[in-house]
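Trainee: Return a 3D structure for these sequence lines:
(2 chains)
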Amino acid sequence: MRRESSVGRLLTRAFAGLVVLVAGCGAVELGAVLVEHHAERELATEVQPLQRANADLRVVLTDAQAGLRGYTLTGDERMLDTYDVARSEYGLVGDELIRLGAGRATAAAAGQIDRADSWWVIADQQRRAAPGSDEAIAYAAQSEPLFHAFVAANDELRNAADEQAGELLDRADALRWVTIGLVAALSLGAAAVAIITAVRTRRRIVGPLTAIVAEAERKAAAERGSGTDAGPDATTAGGFGSWSGTGRGAGAEPEEGTRQGPTEGGTAGPGPAESGTAGQSLAKGGTAGQGLAKGGTAGQGPAESETAGQGLAKGGTASQGSAESEAARQGPAEIRAIAEALDAAAERTAEVRRHEELVSARLHEIDTVKTDFMSTVSHELRTPLTSISGYVELMRDAEPGQLTAAQERMLDVIARNARRLRDLIEDILTLSQIESGDFRTMRGPLDLAEVVLRGVAAVEPAAAKALVGLHVDVRGPVTVRGDSGQLDRVLDNLLSNAVKFTPAEGSVTVSAGQRGDQAVLVIADTGMGIPEPEQETLFGRFFRASNAIRQAVPGTGLGLAIVHTILANHDGSIEVRSTENIGTTVTVTLPMADLVPTSSGPGGTARPANADATGARAVGSSGRGRRWAGRGTTRDGG
Amino acid sequence: MTVVLVADDDADIRDLVAFKLEQAGFEVIAVEDGQSAVEQARGRQPTLAVLDVSMPGLSGIEVCRMLRADPATAGILIIMLTARVQEQDVEGGFSAGADDYVTKPFSPRELVSRIQALLSRARA
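Mentor: Model (predicted):
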């Protein structure tokens, strides 16, 4: 449409036309009414009174003539009364006729009065003559033509007046028809204008508006699509990428892939969304299957052909030349403004998303760098530690020669601290990896009962050595979703804590089972406990209970922090109840996996209550369990 | 006397392992990088090799792969020394053909018993 077109202008023009037509209608009607009124007035005030006066005059003269004729024939005096009355009325009636006839029928009225006057002259002489006399008869004969002349004149005036009245009525009639025609025409015109306006308004406002609404809906759908599809996928891909990147020892390639991933995603941002996401995921794809799947989805995405440029308007220029802009350009100014506002909003949304993607990529990059750094640091620290603990071991084994008792004590201190350093490095590395969330993608269904029995088997030698009784009551299977390595770690930390802080002849009781829709694990010991005021900070990093430090129980203070983080990653929870010098009870709950068997009665695969450590051993400990267990962990409280 | 090849770029650890193995009655060839390890393995035909995973140039895993690929050295028993305890490192070592692995920091005593276990298993 033209530049100046706008809804306001369009409506103003349409309504102005309608108002003109309606006003025209009214004016025509009014004019017609006025003219008709004028005609009626003329008829009532001029023509009809003239007709009446004309008729009156005729009656007067006819009465006079009849009375005179009767008197002349009979001599009856009463007849003369009629004549005399008529004679006296004549003056008034005649004057009336002259007055009413003024202008329209002056000449006709005057002529009639003249003829009447000339008749009256003869009639008056006839009246004075004796009735029945020759003289009277002669007058009568003389007045006869005069009377006829008057009657003719009277008829003439009457006819003229009738004619005039007829004309007036005809004119009014014609005017009425003209008015009806005009009003009908104007009404039809107004109706036509209204219909045309409605159609045009509809076409120019409703059409573009519908287009905009459709476009907005399509855009929203595209946003939803890109939001739900690309988002989690990208995160998953990122998770996989960093896992493979940091995980593999020889992983020069995967690591590079991970580093490039976010950067490439960053540069791809301004381009079409698909290529950005696909490129990112492919670049990250340490796991090829994941990357390819992602690429495939992006390629076939519903948003691709029609909405891609517009809906996912990642590029600043992408919003132009789209279907929506086309619709907008055809509409009036207001609709164009709406379309532009929508465009701008979409662009802003796209910009925000782009920014979010960049930030998330950056965060991921930082996270990867951090994990890489931690991995490198722990490696670099472990190498010198190997030398320290290795040479200490050689000396304590008396390889280079016998040691004095003092030398041996000193080497014990070095060995203990080297071990402590090693534990710290392991725990810090573990915590850093867990916190980066990389492990989350490794979750799968597993039986918590097996994890528990594995942990029990691993801690059993330490318990036997410390003369701590180990009681197990596991009612499985208890299926949860989790990472078995991490849950092994939880069990290892909690069980070794329980054993470590429990004095000889004490006991540790482990029970696991299902409670409602929760998997519950309880580890209760009869150990030294945690002082009441310190229980709140139990899960903080480097927390160590004051009584543990006093009694020189080794530990890094990271064990429970690791447990807490792992459980949080598994949507689980941990609760610790402790009384100093009485014991500690740790309760862990995890959500059950969906594929839970209906019920696990005490029979079934459940282990008998209070199964001793030997019973637990029968289940066997996997190499993995051993490996984790081989690493000493901290108990941060009783 | 059983000949054991020890490859580690860290001199202290190399000496530690060499010393402990000599004490245990082995003849030790100590080298400081992967390339020398491959050369010595081909030249001296040791019964067993202790390879550090992360060495400059050829890594322990690459050395392991090369030894396994060469029929002349394919029979050498291999123990990997790794500072990383991730499952993937261990799997990588085994897929390259290692017979066992020991993670740093390790106890020299444990290393020796692993070696002896491996040797007796190989003889059986």
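Trainee: Quick one: low-confidence residue ranges for the chain.
Mentor: No chain in the question, so chain A it is. Along chain A, the model assigns pLDDT under 70 to residues A:1-5, A:223-331, A:436-441, A:595-638.
Trainee: switch to chain B, that's the one I care about
Mentor: B:84-93.
Trainee: Would you map the strands across it?
Mentor: Under the criterion DSSP state E, chain B carries strands at the ranges B:3-7, B:27-31, B:48-52, B:77-82, B:100-103.
Trainee: closest to A:Val369 out of those strands?
Mentor: When the strands of chain B are ranked by proximity to A:Val369, the top entry is strand B:77-82, at 22.5 Å, counting by CB to CB. For every residue, glycine as well, the C-beta is placed using N, CA and C.
Trainee: Give the other helices and strands that that closest one contacts.
Mentor: Using 3 or more CB pairs under 8 Å, 6 or more residues apart in numbering or on different chains; DSSP states H and E as the contact test, the elements touching strand B:77-82 are strand B:48-52, helix B:60-69, helix B:87-95, strand B:100-103, helix B:108-123.
Trainee: Just put those in TSV and tack on mean neighbour count and distance to chain A.
Mentor: As requested, the helices and strands packed on strand B:77-82 are arranged in TSV below (neighbours: other CB atoms under 10 Å in any protein chain shown; distance: least, CB to the nearest CB, whole Å):
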stretch	mean neighbour count	distance to chain A
strand B:48-52	27	9
helix B:60-69	22	6
helix B:87-95	18	4
strand B:100-103	19	8
helix B:108-123	15	5
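Trainee: which helices and strands sit right next to the helix ranked longest in chain A?
Mentor: Secondary structure of chain A per DSSP state H: the longest helix is helix A:134-201. Packing contacts for helix A:134-201, counted by 3+ CB pairs under 8 Å, 6+ apart, involve helix A:7-42, helix A:48-74, helix A:106-128.
Trainee: helices or strands up against the second one?
Mentor: Where contact means 3+ CB pairs under 8 Å, 6+ apart, helix A:48-74 is packed against helix A:77-101, helix A:106-128, helix A:134-201.
Trainee: The same query, at a cut-off of 6 Å, please.
Mentor: Of the remaining helices and strands, those touching helix A:48-74 by 3 or more CB pairs under 6 Å, 6 or more residues apart in numbering or on different chains; DSSP states H and E are helix A:77-101, helix A:134-201.
Trainee: Tell me which residues touch the residue positioned nearest the centre of chain B, please.
Mentor: The residue at the geometric middle of chain B, judged as the C-alpha nearest the mean C-alpha position with CA atoms, centre = their mean, is B:Val50 (1.4 Å). Residues in contact with B:Val50, defined by CB atoms under 6 Å, 6 or more residues apart in numbering or on different chains, are B:6, B:79.
Trainee: I'd like the helices and strands packed on helix A:48-74 written out as CSV, with distance to B:Ala11 added.
Mentor: Putting those into CSV (distance: least, CB to CB, whole Å) gives the following:
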stretch, distance to B:Ala11
helix A:77-101, 151
helix A:134-201, 91
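Trainee: wait, does the helix or strand that contains A:Ala498 make contact with chain B?
Mentor: Per DSSP states H and E: A:Ala498 is located in helix A:484-500. No: with CB under 6 Å from any CB of the partner chain as the measure, helix A:484-500 is seen stopping short of chain B, the closest distance being 7.4 Å.
Trainee: List the buried residues in the helix or strand following that helix.
Mentor: The element immediately downstream of helix A:484-500 (helix or strand, assigned by DSSP H and E) is strand A:507-515. Counting neighbours by 16 or more other CB atoms under 10 Å in any protein chain shown, one finds that the buried residues in strand A:507-515 are A:507-514.
Trainee: Now distance to chain B too, for the residues you listed, in a markdown table please.
Mentor: As requested, these are arranged in a markdown table below (distance: CB to the nearest CB, whole Å):
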| residue | distance to chain B |
| --- | --- |
| A:Ser507 | 31 |
| A:Val508 | 26 |
| A:Thr509 | 31 |
| A:Val510 | 26 |
| A:Ser511 | 30 |
| A:Ala512 | 25 |
| A:Gly513 | 29 |
| A:Gln514 | 29 |
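Trainee: what's the closest of those residues to A:Arg99?
Mentor: In terms of CB to CB, no member of these lies closer to A:Arg99 than A:Gln514, at 125.5 Å.
Trainee: Quickly list what the closest one is bridged to.
Mentor: For A:Gln514, the residues forming beta bridges with it (DSSP bridges) are A:Ala519.
Trainee: quick one: it and A:Val480 touch, right?
Mentor: No: contact between A:Gln514 and A:Val480 fails when scored by CB atoms under 6 Å: they sit 9.9 Å apart.
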